[in-house]
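Novice: Provided below for reference: sequence and predicted model.
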Amino acid sequence: MSLIVQKFGGTSVADCDKIVAAARKAIRAQKEGHQVVMVVSAMGKNTDVLVDLAAQINERPPAREMDMLLSTGEQVSVALMAMAIHSLGAKAVSLTGAQIGIRTDSTHTKARIISIETERVKELLAAGNIVIAAGFQGIDENLNITTLGRGGSDTTAVALAAVLDADACEIYTDVDGVYTTDPRLLAEARRVLQISYDEMLELASLGAGVMHSRSVEFAKKFGVPIHVRSSFTDITGTMIVDQPESLTRPVSGAAMTKNEARITIEGVPDVPGISHELFHSIATKAISVDMVVQNIGADGRANISFTVPREELDQTLEAVRNAANILQYASVAHDEQVSKISVVGLGMAEQSGVADKMFRVLADANINIQMITTSEIKISVLVSREDAQRALAAVHSGFQLDVTPSDAPESVAAVPRECERDAAEVVSRLRTMEDLTIDSIVLDDSQSVIALRRIPDHPGIAARVFEAIAAEGILVDMIVQNVGRGDAANLSLTVPKEDCEQALVVAKKIGAELGAEEILCKADAAKLSVSGIGLRSHTGVGIRMFRALSDSGINVELINTSEVMVNVIVEGKQGQAGLAALNKAFADVLVS
Ligand code: ADP
Ligand code: ASP
Ligand code: MG
């Protein structure tokens, strides 16, 4: 008998009528012959109401008590849902996270799942019940109630689907699928029928709040196909699966993170260990650092910029100042009026010209870019907040995201049911639920770095540089742009070694036109990449990487991060030693 997990978000259970409508959907699925597990969120904005209540009592409520409070929201809705199902004549049992046996670590308010018991749920299903699980919550080893972070019911749903080997995981919400960008932000957004795990993972963590990003990590790790669809209609929504919507389009979605703050630390000694010290001192405050950019410096000094959520700016500045005597920086600057705009697409990895197109579109809209980071499948730029909405609209239409690609599937791909797994494999999954998984550590010593230092900053710089390089047919791999003193921009890029000389000629010409102070070239560079699942939620990855390199006396010259990968550039001759150091440092989590 097949098993379906159906998750209903807050707006889908916001009042009694909606609860009854959700109950009907579950009963219908049961009547069609499926076993049904429902995962339910707190009603409407109830979680926000509880957060407000806590703030009225205590500005800094203890995290344990916060979880005790927040978990009640879901307890209300599961009970009401069970009552609704009973009133419609079917059998249902509601369960809290603890009653199911969702074991988590003890990181209150952002706990990670360690294991899930399946016995009780299976017995209840076998007895003909619809099982209603409270989303977003678990229990630690001392029986304390924990929660998984805002939006965490998605993660409960996908995790249950994984351990129960469900045939489908349906996420019912207030939109009818995943769109090319948040349809509330842009009317031109287009619903896609299909999107790949990696794209959804990047989009979710770059601001597309439709899915909790950890739920997508789960889905990818355990191969759970997710169907995102509307609670209010019956139309098919979007499948999140292995394959992208189009194999020809370089970009499949865009996202905005509105409230970011940028911190720029100038003139740090360009010696091993500095990035480690910096991010270690920030991580001790449990702040998650987002875009990280480090440029090749002059006179043995480097500039590091990074972004954090705006509300964490003060704490971050405090951490940076606390580390002042180790970091020995010249100055610290910050800007809290910034937003991040990103484009994501699997196709970007194979196609050139995506970056210069993005920069051109923004330049034409007269939008200044403060920072740039890229990864294989995304490009992010930091812009001033007042430009953010225009920037999103410009890239969305620039990449024709409003137009359906010609090779898009006409209907949602039927996902074949995977073959039965043996019991031992299911048990081994349970043991490693949300562990960090590193699937590759790679050395690429085919690249050189070109850096244009201190270019007077104005819209269009990046576009000019990349168009000139692309015109020579040179493929740019990593791109890093940083702001510096007096708003001068520093731009670094990596190109294949054999194209280095030619790229340098172009860079010198454009650099002179743009008024750059200096053009540098490091012909012999090595790129070290660590990729896997859980890099963002396990904030220690970057730190572990920087520490391993600094312990081996290796200096990090450029940094670029994404949801699925952390890349650094080091001196070419240190590539092998760096690779060995990283293999050792990640040996416990590396899956071969
Ligand atoms: P739920 O309460 O059901 O979990 P959420 O509010 O968490 O619902 O997620 C749904 C919302 O996500 C939508 O209303 C939409 O505004 C927002 N959203 C952001 N990005 C996207 C996107 N790319 N596609 C669809 N919805 C998006
Ligand atoms: N109720 C929780 C929240 O609002 C969890 C969820 O809805 O996914 O964040
Ligand atoms: Mg949600």
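Specialist: Structure's in. What do you need? Numbers count the residues shown, from 1 in each chain. Ligands and ions are numbered 1, 2, ... in the order given.

Novice: show me what contacts the residue in the chain positioned nearest to ligand 1?
Specialist: Evaluated by Cβ to the nearest ligand atom, the chain has Gly9 as its residue closest to ligand 1, separated by 1.8 Å. Quick note: C-beta positions are derived from backbone N, CA and C, even for glycine. In this structure, Gly9 makes contact with 41, 153-154, 171-174, 231, judged by Cβ atoms under 8 Å, 6 or more residues apart in numbering.

Novice: let's see 7 Å
Specialist: Each residue near Gly9 by Cβ atoms under 7 Å, 6 or more residues apart in numbering is listed here: 41, 153, 172-174.

Novice: what does Ile145 give?
Specialist: The contact partners of Ile145, by Cβ under 7 Å, 6+ apart, come to 67-68, 71, 98, 137, 139.

Novice: mind running it again at 10 Å?
Specialist: With contacts taken as Cβ atoms under 10 Å, 6 or more residues apart in numbering, Ile145 has the following neighbours: 64-65, 67-72, 75, 96-98, 104, 108, 111, 137-139.

Novice: again with Ala581
Specialist: The contact partners of Ala581, by Cβ under 10 Å, 6+ apart, come to 441, 528, 545, 547-554, 574.

Novice: and the gap between Thr181 and Val192?
Specialist: When Cβ to Cβ, to the nearest Å is applied, the distance between Thr181 and Val192 equals 11 Å.

Novice: Overlap in contacts, these two.
Specialist: With contacts taken as Cβ under 10 Å, 6+ apart, Thr181 and Val192 have 253, 401 as neighbours in common.

Novice: and the contacts of Ile145, which of them are in strands?
Specialist: Judged by DSSP state E, the contacts of Ile145 include 104, 137-139 as members of strands.

Novice: got a markdown table for those residues, with neighbour count, distance to ligand 1 and pLDDT too?
Specialist: Supplementary listing: those in a markdown table, determined by neighbours: other Cβ atoms under 10 Å; distance: Cβ to the nearest ligand atom, whole Å; pLDDT from 0 to 100:
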| residue | neighbour count | distance to ligand 1 | pLDDT |
| --- | --- | --- | --- |
| Thr104 | 27 | 20 | 94 |
| Gln137 | 27 | 15 | 98 |
| Gly138 | 31 | 18 | 98 |
| Ile139 | 22 | 22 | 98 |
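
Novice: out of the residues you listed, who's nearest ligand 2?
Specialist: For ligand 2, the closest of these turns out to be Gln137, at 8.7 Å, with distances computed as Cβ to the nearest ligand atom.

Novice: Just give me the neighbour total for the closest residue to that closest one other than its chain neighbours.
Specialist: Setting aside the residues directly before and after it, Gln137 is nearest to Gly97 in space (Cβ to Cβ, 6 or more residues apart in numbering), at 3.7 Å. Other residues within reach of Gly97, judged by other Cβ atoms under 10 Å, total 27.

Novice: Leu590 too?
Specialist: With neighbours defined by other Cβ under 10 Å, the count for Leu590 comes to 18.

Novice: tell me the SS of the spatially closest residue to it that is not a sequence neighbour?
Specialist: The shortest distance from Leu590 to any non-neighbouring residue, by Cβ to Cβ, 6+ apart, is to Ile438 (4.8 Å). In three-state terms, and counting by DSSP: H, G, I helix; E, B strand; the rest coil, Ile438 is strand.

Novice: Which strand residues bridge Ile438?
Specialist: With beta bridges defined as DSSP bridges, Ile438 has these partners: Gly532, Leu590.

Novice: shouldn't it be in contact with Gly540?
Specialist: No - between Ile438 and Gly540 there is no contact, the gap being 11.9 Å when judged by Cβ atoms under 10 Å.

Novice: ok, the two, which is more surrounded?
Specialist: It is Ile438, of Ile438 and Gly540, that has more neighbours when counted by other Cβ under 10 Å, with 23 against 13.

Novice: which bits of the stretch 1-150 of the chain sit near ligand 2?
Specialist: Taking Cβ under 6 Å from any ligand atom as the criterion, the stretch 1-150 of the chain approaches ligand 2 at residues 9-10, 41-42, 47, 73, 135-136, 150.

Novice: Now the two most distant members of the contacts of Gly9.
Specialist: Taking Cβ to Cβ as the measure, these reach their widest spread between Ser153 and Asp174, a distance of 13.6 Å.

Novice: Next, show the common contact partners of the two.
Specialist: With Cβ under 10 Å, 6+ apart applied, the overlap between the contact sets of Ser153 and Asp174 consists of 9-10.

Novice: Pick out whichever of these two has more residues nearby.
Specialist: Higher neighbour count among Ser153 and Asp174: Ser153, with 29 against 14, using other Cβ under 10 Å.

Novice: returning to what we had before: read off the pLDDT value for the residue nearest to Leu590.
Specialist: On pLDDT, Ile438 comes in at 86.

Novice: Distance of it relative to Gly10?
Specialist: Using Cβ to Cβ, we find Ile438 at a distance of 34 Å from Gly10.

Novice: now, which of the ones in strands among the contacts of Ile145 sits nearest Asn325?
Specialist: For the ones in strands among the contacts of Ile145, the minimum distance to Asn325 (Cβ to Cβ) is 37.5 Å, reached by Thr104.

Novice: Can you check what pLDDT the model gives the residue of the chain closest to ligand 1?
Specialist: Checking the pLDDT column for Gly9, the value is 97.

Novice: picking that back up, next step: the contacts of Gly9 restricted to strands.
Specialist: Within these, residues falling in strands by DSSP E are 172-173.

Novice: so what's the residue nearest to Gln137 up against?
Specialist: By Cβ under 10 Å, 6+ apart, the residues touching Gly97 are 71, 74-75, 103-104, 111, 113, 116, 133-139, 145-148, 156.

Novice: quick one: the strands in the stretch 401-550 of the chain?
Specialist: Ranges of strands in the stretch 401-550 of the chain, per DSSP state E, counting those that start in this stretch, are 437-444, 447-455, 479-483, 489-496, 518-522, 525-533.

Novice: Which one of these has the poorest average confidence?
Specialist: strand 479-483 (a mean of 81).

Novice: what inclination does that one have with respect to strand 489-496?
Specialist: Our comparison of strand 479-483 with strand 489-496, counting by axes from the mean of the first three to the mean of the last three Cα atoms, to 10 degrees, yields an angle of 170 degrees.

Novice: Sheet-wise, list the partners of strand 479-483 with their directions.
Specialist: Checking strand 479-483 against DSSP bridges gives partners strand 371-375 (antiparallel), strand 489-496 (antiparallel).

Novice: Figure out which of these is closest to ligand 3.
Specialist: Of all the strands paired with strand 479-483, the one in closest proximity to ligand 3, counting by Cβ to the ion, is strand 371-375 (24.8 Å).

Novice: Might one say that Pro313 is in contact with Val332?
Specialist: Residue 313: Leu, not Pro. No - taking contacts as Cβ under 10 Å, Leu313 lies outside contact range of Val332: 11.6 Å.

Novice: Dump the strands paired with strand 479-483 to a markdown table, plus distance to ligand 3 and mean neighbour count.
Specialist: What follows is these, written out as a markdown table (distance: least, Cβ to the ion, whole Å; neighbours: other Cβ atoms under 10 Å):
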| stretch | distance to ligand 3 | mean neighbour count |
| --- | --- | --- |
| strand 371-375 | 25 | 25 |
| strand 489-496 | 37 | 25 |
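
Novice: Is it possible to get TSV of these that adds distance to ligand 1?
Specialist: As requested, the strands paired with strand 479-483 are arranged in TSV below (distance: least, Cβ to the nearest ligand atom, whole Å):
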stretch	distance to ligand 1
strand 371-375	19
strand 489-496	29
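
Novice: Among the ones you listed, which comes closest to Ala166?
Specialist: Ranking the strands paired with strand 479-483 by distance to Ala166, with Cβ to Cβ as the measure, places strand 371-375 first at 31.0 Å.
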